[in-house]
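1. Coordinates for the following, if possible.
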Amino acid sequence: MNATLKYPVMGFTEIRLILKHDCKWLAELVGADLEIEVFEEDFVLLKMDKKNMLQVADNLN
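-> Presented below is the predicted three-dimensional model:
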């Protein structure tokens, strides 16, 4: 599932959410080939489609 950071990290704002840990997410910084941890209040989800909703459900379990 993709999201946009409210504040850029190293000039990048697009992230791909990988795994949720409590109130933080492990995310890939798209274009930088790095993984970072972000709090839920630090990003905005992009429009959800059925595929993205299934990915979120899998990550929560």
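2. all contacts plus neighbour counts: C-alpha atoms, from now on.
-> OK.
3. and the spatially most central residue of the chain, what element?
-> In the chain, the centroid-proximal residue (C-alpha atoms, centre = their mean) is Leu17; its distance is 2.8 Å. For Leu17, the host element (DSSP states H and E) is strand 12-21.
4. List the contacts of that strand.
-> Taking C-alpha atoms under 8 Å, 6 or more residues apart in numbering as the criterion, the residues outside strand 12-21 that touch it are 1-7, 25-32, 59-60.
5. Could you pick out the buried ones from these?
-> Judged by neighbour count, with 16 or more other C-alpha atoms under 10 Å as the criterion, the buried members of these are 1-5, 25-29.
6. And the furthest pair within those?
-> Checked with C-alpha to C-alpha, these reach their widest spread between Thr4 and Leu26, with 13.9 Å between them.
7. Quick check: chain neighbours aside, which residue is closest to Leu5?
-> Leaving aside its chain neighbours, Leu5 sits nearest to Phe43 (4.2 Å; criterion: C-alpha to C-alpha, 6 or more residues apart in numbering).
8. What distance do you get for the one you found to Ile18?
-> Computed as C-alpha to C-alpha, to the nearest Å, the Phe43 to Ile18 distance reads 14 Å.
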